[in-house]
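1. need a structure here:
(4 chains)
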There are 2 protein chains.
Amino acid sequence: MSRKPISLKDIAKELNVSISTVSRALKNHPDISVALTTKIQALAREREFSPNPLAMGLLKQQTRIIGVIVPNLVTFFYSSIISGIESVARENGYYVLITSSYESYIKEKECVENLLSSRVEGLIVCLSKETKDYSHFEKIINKEIPLVFFDRVCRTSEFSSVVIDNRDMAFQIIKHFYESGARRIAHIAGPQHLSIACERFEGYQAGLKNCKLKFDKNLVEFIDLTIDDAAKAANKLLSLPDSPDAIFSVNDMVAYVTMKEIKRKGLRIPEDVLLVGITDEFHATVVDPPLTSIMHPTFDIGRECASLFFAQIQSKEKTPPIQKVMKTKLIVRESSVRKDRTC
Amino acid sequence: MSRKPISLKDIAKELNVSISTVSRALKNHPDISVALTTKIQALAREREFSPNPLAMGLLKQQTRIIGVIVPNLVTFFYSSIISGIESVARENGYYVLITSSYESYIKEKECVENLLSSRVEGLIVCLSKETKDYSHFEKIINKEIPLVFFDRVCRTSEFSSVVIDNRDMAFQIIKHFYESGARRIAHIAGPQHLSIACERFEGYQAGLKNCKLKFDKNLVEFIDLTIDDAAKAANKLLSLPDSPDAIFSVNDMVAYVTMKEIKRKGLRIPEDVLLVGITDEFHATVVDPPLTSIMHPTFDIGRECASLFFAQIQSKEKTPPIQKVMKTKLIVRESSVRKDRTC
DNA sequence: TTTTGTTCCGCAAAGCTTTGTGCAAAGCTT
DNA sequence: AAGCTTTGCACAAAGCTTTGCGGAACAAAA
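-> I've put the predicted structure just below:
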């Protein structure tokens, strides 16, 4: 019908009352007579009035928008976390503005700028794999804008964050490998400036010690989280004279690439090499063999991020940063359960 | 430093000039002297002034926001399309508000309502699998708001849309199966009220005819696109006395489930059954055997959607709906190439 | 000195909502 | 009947930006 949405003014004019009267009537303000209130509400409903969020935002100085920065949207891990964020946001009448750093430090900085100039009320961020310098988040402290990091975090003494216990997770994986009979456990590790990669590597070492296995630096490959890099690393490990009997890949993508390389070498999983992935998703069940994997509560991580955001928004005083550690779970499938080598 | 972002007013006050002068100076308006312009611009830069998008939106009556509704965000297909939409939006200074219908008709209606009351400038939508009634899009016609459908479309005579040639795609798959030696080609089909599912079924039939194969209704299972449904359908087909030697699954998820069921039955791919998926993504290469798949230009589909949106926004007259058909490509991997059965 | 013309900047409105304050009329008390 | 309270609504400001128009100050021309 009407090209543009109708405003209080339109209703006021039609009913020959003032704008403020309409506004109050719609909120059932006692100042307005019942008769008039009914009439106004009826017309408002008929015309499908809804308050202009721009005007509200201008008045209240709030946009009701949360900015999110992920390294990559096209991924089960991030998209399901976003889904979790979005669900809490929606419950609170907020919207989510999603941007992607494409794993680039430069783009991440741009995203921060853009989101801030869009007047988002807060940020939920997972760092790009390149990010080593965190100064672009400093102005956020000054502006007292809520900021929550997840997964790849930094400056946890200043900002709230949602993480998993990477150290313990890696520890459990190694233990599981050991119990499955593995003795030469390799690790394809991520860049060590990334908190998660670093913690997983630490957990790997601690896990070895716990199993009384000696740390062998030849069994660790540090990669840049690209497919090519992962393939090269897997190959290098598998070509070792004394090659590993289990591989702990730093994330799921790397695990799948590793799986592919193991098969390409003519080796069998789990007979020759055990394998475990991280981030349990649908595809872990369809690969062959089904991939043992650490289940991340991705949706809940997202919800937790949003909750921490709202906690900060709602309390007017500066809240101390909170670190939330989420539980993961080892889902054992065939890829890590040793069968007899001769079978 | 400052808790709230600074405005023209702040700069004006600091420099003892009027707000309008500041506004003009920042745009290099000739009315303002060079000296004053320089001074104002310097201060604005120092204070990191950026115009308040809410105020601009209110003035210009535009939010620079595109609303997107997808059935499910947590999916390679949709998230990469969104990525494409976002890239074009960003180039044009627009933002994308993403909502998910979770494949529910009710939620889809809510999303439309919410986005409209958020004053998005247009919508880009992929229908939920439940949606058979399209009346919730009617008010969008009345309001003359740009609306672009993709993949699962409707009312193509009224709205622009971006699709792939599903009919031809299915046709090519059947042809490929036939050339690989398959003679009893089954189809796990989607709900027939969905344009894509329907077209694929048509293409399947046409493909059979083209190969001079007889249509056998026992070889077709219509499912509701759930994992359970898919597994049941696959099982039913594989339990047929004269079971199929090739299966065309309506989408990727169904293909993976089918693959799993085939293996569970002790059958081999491709020796006993050929299989083809749709939507080529990373995981197609890591399953065993690698899955032959139809590559969708997902990122470009997203970009095309956004382009159609901007075409409508920019032309003031009502533009006739455009249907854009994107090219797909059959990527042949091992799952569909017949080996000798005896091997 | 008065008129004409520049140059440079301020005023105000519009876009929409909320809310404190003001004001008129009606109802009440004494 | 005069004064007080209550009821019911309107006015205006604030939040921020853009832009048409008006106007002051000054220089040059008549």
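
2. how distant is the helix or strand where residue A:168 lies from the center of its chain?
-> Assessed by DSSP states H and E, residue A:168 sits inside helix A:166-179. Here helix A:166-179 is found 22 Å from its chain centre; the criterion is Cα atoms, centre = their mean, to the nearest Å.

3. over to stretch A:173-191?
-> Worked out by Cα atoms, centre = their mean, stretch A:173-191 lies 25 Å from the chain centre.

4. just the helices in the stretch 101-250 of chain A please.
-> A:105-117, A:138-142, A:166-179, A:195-210, A:227-238 (DSSP state H, counting those that start in this stretch).

5. of all these, which one is nearest residue B:320?
-> helix A:105-117 (34.1 Å; Cβ to Cβ). All C-beta atoms are positioned from the backbone trio N, CA, C, and that covers glycine.

6. hmm, the closest one touching DNA strand D?
-> No - applying Cβ under 7 Å from any atom of the strand, one finds helix A:105-117 separated from DNA strand D by no less than 10.3 Å.

7. for that helix, buried residues please.
-> Going by neighbour count (16 or more other Cβ atoms under 10 Å in any protein chain shown), the buried part of helix A:105-117 is A:105, A:107-112, A:114-116.

8. for that helix, name the packing helices and strands.
-> strand A:65-70, strand A:95-100, helix A:138-142 (3 or more Cβ pairs under 8 Å, 6 or more residues apart in numbering or on different chains; DSSP states H and E).

9. in a markdown table: the ones you listed, plus mean pLDDT, distance to residue B:204 and mean neighbour count.
-> As requested, the helices and strands packed on helix A:105-117 are arranged in a markdown table below (pLDDT from 0 to 100; distance: least, Cβ to Cβ, whole Å; neighbours: other Cβ atoms under 10 Å in any protein chain shown):
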| stretch | mean pLDDT | distance to residue B:204 | mean neighbour count |
| --- | --- | --- | --- |
| strand A:65-70 | 96 | 38 | 26 |
| strand A:95-100 | 92 | 37 | 24 |
| helix A:138-142 | 84 | 54 | 13 |
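
10. would you mind putting these into TSV with distance to residue A:18 alongside?
-> Shown next, in TSV, are the helices and strands packed on helix A:105-117 (distance: least, Cβ to Cβ, whole Å):
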stretch	distance to residue A:18
strand A:65-70	31
strand A:95-100	31
helix A:138-142	42
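
11. save these as a markdown table, and put in distance to DNA strand C too.
-> A markdown table is the format used below for the helices and strands packed on helix A:105-117 (distance: least, Cβ to the nearest atom of the strand, whole Å):
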| stretch | distance to DNA strand C |
| --- | --- |
| strand A:65-70 | 17 |
| strand A:95-100 | 17 |
| helix A:138-142 | 26 |
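
12. tell me which of these lies nearest to DNA strand D.
-> strand A:65-70 (15.8 Å; Cβ to the nearest atom of the strand).

13. does residue A:36 really touch residue A:25, like I thought?
-> Yes - look at residue A:36 against residue A:25 with Cβ atoms under 8 Å: they come within range, at 6.2 Å.

14. what about the two, which has more around it?
-> residue A:25 (26 against 15; other Cβ atoms under 10 Å in any protein chain shown).

15. residue contacts, the more buried one?
-> Applying Cβ atoms under 8 Å, 6 or more residues apart in numbering or on different chains to residue A:25 gives the contacts A:32, A:36-37, A:40-41.

16. give me the secondary structure label for residue A:303.
-> helix (DSSP: H, G, I helix; E, B strand; the rest coil).

17. residues near it, how many?
-> 21.

18. hmm, back to that, the helix holding residue A:168 vs helix A:195-210, what angle?
-> 40 degrees (axes from the mean of the first three to the mean of the last three Cα atoms, to 10 degrees).

19. and the contacts of helix A:166-179?
-> Counting by Cβ under 8 Å, 6+ apart, A:185, A:195-196, A:199-204, A:206-208, A:210-211, A:213, A:246, A:248, A:274, A:276, A:278, A:292, A:294, A:328, A:330, A:332, A:336 sit against helix A:166-179.

20. so which bits of that helix are buried?
-> Buried, per 16+ other Cβ under 10 Å, within helix A:166-179: A:166-174, A:176-178.

21. can I get the helices of the stretch 101-250 of chain A in a markdown table with distance to residue A:84?
-> Converted to a markdown table, the helices of the stretch 101-250 of chain A look like this (distance: least, Cβ to Cβ, whole Å):
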| stretch | distance to residue A:84 |
| --- | --- |
| helix A:105-117 | 19 |
| helix A:138-142 | 22 |
| helix A:166-179 | 19 |
| helix A:195-210 | 18 |
| helix A:227-238 | 27 |
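
22. measure stretch A:114-132 end to end?
-> Stretch A:114-132 has an end-to-end distance of 20 Å (criterion: Cα to Cα, to the nearest Å).

23. in that stretch, what's buried?
-> A:114-116, A:118-131.

24. which of those residues fall in strands?
-> A:122-125 (DSSP state E).

25. give me every residue in the stretch 201-343 of chain A lying close to chain B.
-> Contact residues, the stretch 201-343 of chain A versus chain B (Cβ under 8 Å from any Cβ of the partner chain): A:253, A:256-257, A:259-260, A:263, A:282-283, A:285-288.
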